[in-house]
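Student: quick check, what structure comes out for this input:
(chains A, B, C and D)
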There are 2 protein chains.
Amino acid sequence: MLPFFGQEKVSVDANGRVKLCPRFLADFKDSGGWDIVLFSLPEGGVAIYPEKTFLRMRRSELDEAEKSGGSVLQRRRLRFSGAMTQSEKISNQGRITIPHFMREDCGLAPNSDVVMVGIQIGIEIWSSERWSGELDKMRRHSNEKGEREMASDLMDPRRE
Amino acid sequence: MLPFFGQEKVSVDANGRVKLCPRFLADFKDSGGWDIVLFSLPEGGVAIYPEKTFLRMRRSELDEAEKSGGSVLQRRRLRFSGAMTQSEKISNQGRITIPHFMREDCGLAPNSDVVMVGIQIGIEIWSSERWSGELDKMRRHSNEKGEREMASDLMDPRRE
DNA sequence: GACTTAAATGGAGTAGAATGGATTAACGAA
DNA sequence: TTCGTTAATCCATTCTACTCCATTTAAGTC
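Tutor: Below is the predicted model:
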């Protein structure tokens, strides 16, 4: 079974928690357990990675930081990835509590409908409205790219 | 669990003290105890590091300074970081008193709302207004970068 | 040097929210 | 139809944040 694929509609409960569907729950279990990392995406959703995956992704960033703590640029990097990230644990009942600041940033209010999207290395949570916006954007981009590829193919008879 | 991540809204009490949220408190405990170092950042907030972390960051600077203590530049550096830095202790109730000059420099008035930001090696305290300014800056940058990536993907049919 | 006043510090109590668990209802499969 | 699994609601316990108060410390004045 391919891990972290597909979509699910779920809803945020009154206390700002979401319940994982059994499939994603199993995927997390296979990827190292209940320790996860949430990341507030600039494009509008929350990404959830297994902790192991996250650590692999940002290896070595820290060592550098402690050496050059005096640099403003280095501090900015630490500040922004630190601010947008939070580690969590999947509860015994398969629930994840979304941190307050992410609820606000990403429109994931209590009692609202959201979409869980498998992204192969983890999942993402989007508010329903923002998700359809994002889908539109990706479809338009993909169509546009297709058009351009066709046009470019016409221009160059030798290709392919 | 990863230490010093995420954001929290807190408020400065009438006497210029802030209370750490339980998460950050635990992070400090794990990083060596209640001894901390405050540093007034030139970009507008107050950084709080565990003492051990701070010492590690400053070690090289100190060694250098003791070798060339006669240099004017070196004295200036020491003077500046000395002036902007103060060591403190987290109280039994998890509170930190912000030194007067930092309150003024960073807009952290008594009874005002502030944000505590995890920066992976410690935390930072920002006044709410300044923090949202900083966030805006980052979001605009990130959006701009995203747009350019999409545009560049359209321009080059071979990519991906 | 002593007294008065102000400020800082440490602590406790309470209202509210978050957390974890349990129960019940609904859906799907055998 | 029945059993098993999943989802949603509800409740109780725990924890946390906020406010208020008491004690100590410092500073200024007579």
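
Student: all helices of chain A, in order?
Tutor: Counting by DSSP state H, chain A has helices at residues A:22-30, A:51-57, A:61-67, A:72-84, A:100-106, A:128-155.

Student: figure out which of these is closest to DNA strand C.
Tutor: Closest of the helices of chain A to DNA strand C is helix A:100-106, at 6.6 Å (criterion: Cβ to the nearest atom of the strand). Yep, even glycine has a C-beta here, placed from its N, CA and C like the rest.

Student: could you give me the buried positions within the closest one?
Tutor: A:101, A:102, A:103, A:105, A:106 (16 or more other Cβ atoms under 10 Å in any protein chain shown).

Student: so who does the first one touch?
Tutor: For residue A:101, the contacting residues are A:40, B:6, B:7, B:8, B:9, taking Cβ atoms under 8 Å, 6 or more residues apart in numbering or on different chains as the criterion.

Student: can you do 6 Å?
Tutor: For residue A:101, the contact set (Cβ atoms under 6 Å, 6 or more residues apart in numbering or on different chains) comprises residue B:7.

Student: neighbours of residue A:120, how many?
Tutor: 10 (other Cβ atoms under 10 Å in any protein chain shown).

Student: now distance to residue B:71 and mean pLDDT too, for the helices of chain A, in a markdown table please.
Tutor: Listed next are those as a markdown table, based on distance: least, Cβ to Cβ, whole Å; pLDDT from 0 to 100:
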| stretch | distance to residue B:71 | mean pLDDT |
| --- | --- | --- |
| helix A:22-30 | 55 | 92 |
| helix A:51-57 | 41 | 93 |
| helix A:61-67 | 22 | 64 |
| helix A:72-84 | 23 | 88 |
| helix A:100-106 | 44 | 92 |
| helix A:128-155 | 55 | 90 |
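
Student: any idea which of the buried residues of helix A:100-106 is closest to DNA strand D?
Tutor: Taking the buried residues of helix A:100-106 together and measuring to DNA strand D by Cβ to the nearest atom of the strand, the closest member is residue A:101, at 13.0 Å.

Student: most centrally placed residue in chain A?
Tutor: For chain A, the residue sitting closest to the mean C-alpha position, by Cα atoms, centre = their mean, is residue A:47 at 2.0 Å.

Student: check what pLDDT the closest residue to residue A:76 other than its chain neighbours gets.
Tutor: Take residue A:76 and drop its neighbours on the chain: the residue closest to it by Cβ to Cβ, 6 or more residues apart in numbering or on different chains is residue B:43, 7.8 Å away. pLDDT recorded at residue B:43 is 88.

Student: what's the answer for residue A:70, then?
Tutor: 65.

Student: show me which residues of chain A sit near DNA strand C.
Tutor: A:15, A:16, A:17, A:91, A:92, A:93, A:95, A:97, A:100 (Cβ under 7 Å from any atom of the strand).

Student: list only those of these flagged as buried.
Tutor: Neighbour counting over these (16+ other Cβ under 10 Å) leaves A:16, A:97 as the buried ones.

Student: need the residues of chain A next to DNA strand C in TSV with distance to chain B, can you?
Tutor: Output for those, formatted as TSV (distance: Cβ to the nearest Cβ, whole Å):
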residue	distance to chain B
A:15	17
A:16	14
A:17	16
A:91	14
A:92	17
A:93	19
A:95	17
A:97	12
A:100	8
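
Student: what two of the residues of chain A next to DNA strand C have the greatest distance between them?
Tutor: A:92 and A:100 (22.3 Å; Cβ to Cβ).

Student: what sits up against stretch A:79-89?
Tutor: With contact meaning Cβ under 6 Å, 6+ apart, stretch A:79-89 is reached by A:34, A:36-40, A:99, B:1-2, B:5-7, B:117-120, B:138.

Student: kindly recompute the last result at 8 Å.
Tutor: So stretch A:79-89 is contacted by A:34-40, A:42, A:51, A:58, A:61, A:96-97, A:99, A:102, B:1-2, B:4-7, B:117-120, B:124, B:134-135, B:138 (Cβ under 8 Å, 6+ apart).

Student: among these, which are located in strands?
Tutor: A:35, A:36, A:37, A:38, A:39, A:40, A:96, A:97, B:7, B:117, B:118, B:124 (DSSP state E).

Student: ok, which of the residues you listed also contact DNA strand D?
Tutor: Among the ones in strands among the contacts of stretch A:79-89, not one lies near DNA strand D by Cβ under 7 Å from any atom of the strand.

Student: tally of neighbours for residue A:108?
Tutor: 23.

Student: residues touching the residue nearest to residue A:97 when sequence neighbours are not counted, list them.
Tutor: By the measure of Cβ to Cβ, 6+ apart, the closest residue to residue A:97 outside its immediate chain neighbours is residue A:17, 5.0 Å from it. By Cβ under 8 Å, 6+ apart, the residues touching residue A:17 are A:95, A:96, A:97, A:98.
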